[in-house]
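Enquirer: here you go, sequence then predicted model.
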Amino acid sequence: MALGPDLNENVARARADLRMGVPVALTGPEGTLLLAAAETLRPARLAEILALGAVDLALTARRAETLKARAYDGDLARVVVPEGADLRWIRDLADPANDLDSPMKGPLSTRRGGPAEAHRLAIRLCKTARLLPAALVVPVPARLPAEGGLVTLPVEALAPLLDLLPPLDHVVTARVPLRAAEQARLHIFRPEDGSDEHYAIEIGRPDRAAPVLARLHSACFTGDLLGSLKCDCGPQLNAALMQMGQEGAGVLLYLQQEGRGIGLANKMRAYALQDQGFDTVEANHRLGFEDDERDFRLGAQILQTLGFGAVRLMTNNPAKLAMMESCGIAVAERVPLKVGETPFNARYLAVKAEKSGHLL
Ligand SMILES: Nc1nc2c(ncn2[C@@H]2O[C@H](COP(=O)(O)OP(=O)(O)OP(=O)(O)O)[C@@H](O)[C@H]2O)c(=O)[nH]1
Ligand SMILES: [Zn+2]
């Protein structure tokens, strides 16, 4: 076995580097390109990148729409970074925090034609690093010496890898008596791509041959831990465990998909935009994200690993039902979970029903 990192491990390194502000190299048919996350870029690195040649800022079509920039590549736009652009200019395009104070950022020139695959991968890497989906991309001239120690990823192998769910290791299981159920065990699952661990809380000893009462709960630091009134997550978490405790059996997956998969920092950016008057879906779009960036295949994978093939799913979200079925987990019943409505989250819940199809 080779001692050095394989592609999966190099992707994990790339993610960590982008979070630190270190560029990553992509190699492909078009030569080598450097990419760097707009959010974590520092001035000295920006100067080095600008010195390399024609730099693009890759943005999602969602973000481009707010900026009135033409997205010629479907889901993304390649904005030409003008000579003399500084970090402030780049950050303002990436981050909508100051959109209302300085609405006119353009006119922005965007590229049309030519390859955009590296730009697309740059955005995907930023998203998986839980950063703003905005990256500088610049071709590296052939005459440059080897990119001193930068993680290098092959374009062609990267896209299919990012489509796959990483294998999950079932690390450990231990008993944790809960207020809701004394007979409870916590399972820890660790993805092999270095991303966050996910948890399963098994209540009692559910019969693997029958549909299990189940909940796929996405992490919500503000709701689950702080008791935030802006969402219904904390009450849903407690109600689900209580019902499993009362029935004596169930499984709750606690998935590290904070902020519908955009991470806590971006969720707080979305909250700041909501303070400016945008709703939960509009805020995600202004940041450059889709309404929901979660991958529910993960939940199906954990259920299957634990030996469950059918569920009575506690949810109001039709996307969760559809994804379970398409991943081979039979949904025998939907169990509604309507708790925790407050004056602070009534609008949020109404928007989820109107725009995301949540069942009432
Ligand atoms: N981006 C974003 N995420 C939010 C916001 N409010 C809550 N969240 C996140 O949304 C997720 C809520 O997840 P779930 O409880 O699974 O909710 P759901 O998709 O509505 O489905 P059910 O609760 O099963 O009906 C958590 O990850 C929260 O952190 C918000 O305004 N913006
Ligand atoms: Zn929440």
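Expert: Received, thanks. Residues are numbered from 1 along each chain as shown. Ligands and ions are numbered 1, 2, ... in the order given.
Enquirer: can you give me the domain assignment for the chain?
Expert: Domains of the chain are assigned by the TED database as 7-162, 168-257+294-356.
Enquirer: of those domains, which is nearest ligand 1?
Expert: Closest of the domains of the chain to ligand 1 is domain 168-257+294-356, at 3.3 Å (criterion: Cβ to the nearest ligand atom). C-betas here are computed from N, CA, C, even on glycine.
Enquirer: ends of that closest one, what's the gap?
Expert: Domain 168-257+294-356 has an end-to-end distance of 29 Å (criterion: Cα to Cα, to the nearest Å).
Enquirer: strands along the chain, start to end?
Expert: Per DSSP state E, the chain carries strands over the ranges 24-28, 31-37, 56-60, 76-80, 134-139, 152-154, 168-175, 184-191, 198-203, 212-218, 250-255, 310-314, 330-335.
Enquirer: I'd like the average pLDDT over the second one.
Expert: What that stands for is strand 31-37. Mean per-residue pLDDT for strand 31-37: 95.
Enquirer: show me what that strand is in contact with.
Expert: Residues outside strand 31-37 that contact it (Cβ atoms under 8 Å, 6 or more residues apart in numbering): 18-19, 21-26, 45, 49, 52, 58, 118, 121-122, 125-126, 129, 131-132, 134-140, 142, 147, 150, 152.
Enquirer: now that strand: how far from the chain's centre is it?
Expert: Relative to the chain's own centre, strand 31-37 is displaced by 21 Å; criterion: Cα atoms, centre = their mean, to the nearest Å.
Enquirer: angle of it against strand 24-28?
Expert: When axes from the mean of the first three to the mean of the last three Cα atoms, to 10 degrees is applied, the directions of strand 31-37 and strand 24-28 differ by 150 degrees.
Enquirer: beta partners for the nearest residue to Arg70 once chain neighbours are set aside?
Expert: Counting by Cβ to Cβ, 6 or more residues apart in numbering, the nearest residue to Arg70 once its immediate chain neighbours are dropped is Thr110, at 5.0 Å. Beta bridges link Thr110 to Val79 when assigned by DSSP bridges.
Enquirer: return the set of buried residues in stretch 233-241.
Expert: Cys233, Gly234, Pro235, Gln236, Leu237, Ala239, Ala240, Leu241 (16 or more other Cβ atoms under 10 Å).
Enquirer: make JSON lines out of those and add pLDDT.
Expert: Shown next, in JSON lines, are those (pLDDT from 0 to 100):
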{"residue": "Cys233", "pLDDT": "95"}
{"residue": "Gly234", "pLDDT": "96"}
{"residue": "Pro235", "pLDDT": "96"}
{"residue": "Gln236", "pLDDT": "96"}
{"residue": "Leu237", "pLDDT": "98"}
{"residue": "Ala239", "pLDDT": "97"}
{"residue": "Ala240", "pLDDT": "98"}
{"residue": "Leu241", "pLDDT": "98"}
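Enquirer: make JSON lines from the residues you listed and add distance to ligand 2 to it.
Expert: Putting those into JSON lines (distance: Cβ to the ion, whole Å) gives the following:
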{"residue": "Cys233", "distance to ligand 2": "3"}
{"residue": "Gly234", "distance to ligand 2": "7"}
{"residue": "Pro235", "distance to ligand 2": "10"}
{"residue": "Gln236", "distance to ligand 2": "8"}
{"residue": "Leu237", "distance to ligand 2": "9"}
{"residue": "Ala239", "distance to ligand 2": "14"}
{"residue": "Ala240", "distance to ligand 2": "13"}
{"residue": "Leu241", "distance to ligand 2": "16"}
